[in-house]
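Engineer: Show me the folded form of this:
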Amino acid sequence: MNYYCFIAGLPEIEFEDSKLAFSVAGFKEELQLSDDDARLVDLFYTKFDNQNLLRYLKDKEARFDGRGSLARDELAECLQLIAEDDNPKNRHFPPYFKTFVEEYRDVQHVNTEDVKWENRLTGLYYQWAMKCGNKFISGWFEFNLNLNNILAACTARKYQMGVDAVGDNEVAESIKTSGQRDFGLTGTIDDLDAFQRLADEPDLFEREKKIDLLKWQWLDEQTFFKYFGIERVFAYLAKLEIIERWASLDPAEGGKIFRSLIDRLKESVVSDRESLNLP
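Structural biologist: Model (predicted):
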């Protein structure tokens, strides 16, 4: 379906913008989409529901990210239905939540490392989103999955940590099994060189900015001939998030993000060694 009037009326946005006419949360309220297209946009907002789910499972009073589609009481109701071996009917409750929650409840007394659960939930999310049936949106999720996996793997190697990857696509499997510098991915990923250059960027703040710029460029390239469809709406939303993030980010925060990544990798390595009974 095409959205001529809505898209034509959207304010122009640029990567360097610091003020926006819409927030990511507010943009959702402006949308009037077909049911099929609304479900595609839901995929974008589901990542905030992922975060809220993880927080809620640890602490029912935890702060919720308002950009998610599920309110606290809706999430609580869905989790109660799962506990009763029922399937939630809420359209914003993705099917992989049931898989994740059942796994979490089954083994949380054995393995409670936050990074492991976050990686598992993220992998299920990407696996689900990449099957959405829209080539552009599926490609967006695969691009982000590959980018995040390669950056994390390069960082892990740099600090002599165990290399792992989220998800189960071809790129993730190569990262998990290959000892080559390029993880055996030359010829498989068009942007591999760009991903590796980003991993080598010594300035943490610049690295984060270049990552978002690469994402912005991908969105522009992939929607060049898609003028008024859901692809253009989705790309605009993804760009809003990039600008919104940088409007509240400073160099100190960029360093904090990188240190958080290193801490998460260390936590993962410790967990792996403990599970194998290594010293």
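Engineer: elements contacting whichever strand or helix holds residue 29?
Structural biologist: Using DSSP states H and E, residue 29 sits in helix 24-30. The helices and strands touching helix 24-30, judged by 3 or more CB pairs under 8 Å, 6 or more residues apart in numbering; DSSP states H and E, are helix 230-247. In this view, the C-beta of every residue, glycine as well, is placed from N, C-alpha and C.
Engineer: that older thread, starting at the chain centroid, how far to the helix holding residue 29?
Structural biologist: Distance of helix 24-30 from its chain centroid, counting by CA atoms, centre = their mean, to the nearest Å, is 19 Å.
Engineer: Show residues contacting that helix.
Structural biologist: 6, 22, 41, 45, 66-67, 69, 236-237, 240-241, 244 (CB atoms under 8 Å, 6 or more residues apart in numbering).
Engineer: So among those residues, which ones count as buried?
Structural biologist: 6, 22, 41, 45, 67, 69, 236-237, 240-241, 244 (16 or more other CB atoms under 10 Å).
Engineer: Which single one of the contacts of helix 24-30 is nearest to residue 164?
Structural biologist: Closest approach between the contacts of helix 24-30 and residue 164, by CB to CB: residue 241, at 26.0 Å.
Engineer: Would you mind measuring from the closest one to residue 228?
Structural biologist: 21 Å (CB to CB, to the nearest Å).
Engineer: Could I get the buried residue list for stretch 196-208?
Structural biologist: 196, 198-199, 204-205, 207-208.
Engineer: I figured residue 65 was touching residue 52, is that so?
Structural biologist: Yes: Residue 65 is within contact range of residue 52, at 5.8 Å (criterion: CB atoms under 8 Å).
Engineer: Between those two, which has more neighbouring residues?
Structural biologist: residue 52 (22 against 14; other CB atoms under 10 Å).
Engineer: quick one: secondary structure of the most centrally placed residue in the chain?
Structural biologist: A centroid search over the chain (CA atoms, centre = their mean) returns residue 47, at 6.0 Å, as the residue closest to the centre. Under DSSP: H, G, I helix; E, B strand; the rest coil, the three-state class of residue 47 is helix.
Engineer: One more: residue 120?
Structural biologist: helix.
Engineer: can you tell me how far it sits from residue 168?
Structural biologist: For residue 120, the distance to residue 168 equals 11 Å [CB to CB].
Engineer: These two: which is more packed in?
Structural biologist: Applying other CB under 10 Å to residue 120 and residue 168 shows that residue 120 carries more neighbours, namely 16 against 13.
Engineer: Now do the same for the residue nearest to residue 173 when sequence neighbours are not counted: its pLDDT.
Structural biologist: Counting by CB to CB, 6 or more residues apart in numbering, residue 173 lies nearest to residue 165, which is 7.8 Å off, once chain neighbours are set aside. Residue 165 is assigned a predicted lDDT (pLDDT) of 85.
Engineer: what's near enough to touch residue 165?
Structural biologist: Counted by CB under 8 Å, 6+ apart, residue 165 has contacts 149, 152-153, 171-173, 175-176.
Engineer: can you pull out the helices in the stretch 1-150 of the chain?
Structural biologist: For the stretch 1-150 of the chain, the helices defined by DSSP state H, counting those that start in this stretch occupy 4-8, 24-30, 35-58, 72-83, 95-107, 114-129, 135-158.
Engineer: Including distance to residue 182 and mean pLDDT, could those go into a markdown table?
Structural biologist: Putting those into a markdown table (distance: least, CB to CB, whole Å; pLDDT from 0 to 100) gives the following:
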| stretch | distance to residue 182 | mean pLDDT |
| --- | --- | --- |
| helix 4-8 | 39 | 94 |
| helix 24-30 | 35 | 93 |
| helix 35-58 | 28 | 96 |
| helix 72-83 | 41 | 93 |
| helix 95-107 | 31 | 90 |
| helix 114-129 | 22 | 91 |
| helix 135-158 | 9 | 93 |
